[in-house]
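>>> okay, predicted coordinates and the sequence, questions at the end:
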Amino acid sequence: MTEHRFRHTLGRSWRLFRAFGHEQSDPDRFYGPLADDSVRQVQHYEPLDGRLLLDVGGGPGYFAEAFRAAGARYIGVEADHGELAGRGTSMEDMVIGSGLQLPFADETFDISYSSNVLEHVPEPWTMADEMVRVTRRGGLVVIAYTLWWGPWGGHETAPWHFLGGHRARRRYARKHGHDPKNVFGESLFAVTVHSGLRWLHRDADLVDVQAFPRYLPRWMHWLVRVPVVRELATWNLVLVGRRR
């Protein structure tokens, strides 16, 4: 079933972390390589050529370009029209809609994918359930999200989110004169490794489930099995399952 071998090497981790340092100042330098890396990761489980793929929270086009280049038939869902306009992204194959109520019939897609969106919706596991619903039997579901207790959990308010999301938001507003882009309780929510594993293993429609740190090398994947430590050190979690 594996089409491409994906290697979670230390060199890969180092390249992604270096690129991450430019996420705010030069988005192309981070999101382009991240999208390419995500394509290779999905291809480890399922070939993309000719597959109908849903990207929930597709954003300004980085992932659309990467998945299409790999041969996928791409459909993106984005709740924020402004996100699409950021790079002048074409609206072709993009749908404005909510991840909490995906505007598609049951079992429509071969692959449902989402990158760093789950922490931005008030009911993250409702969105995850919706992704399973629209995936065909035998299809693949892949969800990656930023962990609240990780070093970047508060996004631009980090590391002050460790003292509380609302406090970090107020501090940011005092310092910068405006609210952060990701406002805790409105567009940023606390999601954890524990809640992700609970969802992954309770969903009766998923089999062959896996969970691992997105950015860390394979020899550090054991972190996911250690309570408390995993919340602080995993940074970003990937959940993978196949629709029963």
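Ah, there it is. Numbers count the residues shown, from 1 in each chain.
>>> how many neighbours does residue 104 have?
For residue 104, the count of nearby residues is 17 (other CB atoms under 10 Å). C-betas here are computed from N, CA, C, even on glycine.
>>> next: the one 4 residues further on.
Applying other CB under 10 Å, we find 16 other residues in the vicinity of residue 108.
>>> report the contact partners of it.
52, 54, 134-136 (CB atoms under 8 Å, 6 or more residues apart in numbering).
>>> with residue 9 instead?
Residues in contact with residue 9 (CB under 8 Å, 6+ apart) are 217-218.
>>> pLDDT weak spots in the protein?
Where the chain drops to pLDDT under 70, the residues are 1-4, 22-25, 81-91.
>>> need the longest strand for this structure.
Using DSSP state E, we find that the single longest strand of the chain is strand 135-146.
>>> so which elements touch it?
In terms of contacts (3 or more CB pairs under 8 Å, 6 or more residues apart in numbering; DSSP states H and E), strand 135-146 is packed against helix 27-43, strand 109-115, helix 124-133, strand 236-243.
>>> need these in CSV with mean neighbour count and distance to residue 58, can you?
Listed next are the helices and strands packed on strand 135-146 as CSV, based on neighbours: other CB atoms under 10 Å; distance: least, CB to CB, whole Å:
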stretch, mean neighbour count, distance to residue 58
helix 27-43, 19, 10
strand 109-115, 25, 9
helix 124-133, 20, 13
strand 236-243, 22, 17
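>>> rewinding a little: how distant is the longest strand of the chain from the center of its chain?
How far strand 135-146 lies from its chain's middle: 11 Å, per CA atoms, centre = their mean, to the nearest Å.
>>> next: stretch 39-53.
16 Å.
>>> quick one: contacts of it?
1-6, 66-67, 69-75, 108-113, 140, 142, 238, 240, 242.
>>> end to end, how far does that stretch reach?
Taking CA to CA, to the nearest Å, stretch 39-53 runs 11 Å from one end to the other.
>>> which residues of the chain fall in helices?
Using DSSP state H, the helices of the chain run over 10-20, 27-43, 62-69, 81-85, 124-133, 165-176, 193-202, 229-233.
>>> adding distance to residue 187, write these out as CSV.
Listed next are the helices of the chain as CSV, based on distance: least, CB to CB, whole Å:
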stretch, distance to residue 187
helix 10-20, 20
helix 27-43, 18
helix 62-69, 19
helix 81-85, 11
helix 124-133, 13
helix 165-176, 11
helix 193-202, 18
helix 229-233, 21
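>>> and of those helices, who's closest to residue 215?
Nearest to residue 215 among those is helix 10-20 (5.2 Å), distances taken as CB to CB.
>>> okay then, goodbye and thanks.
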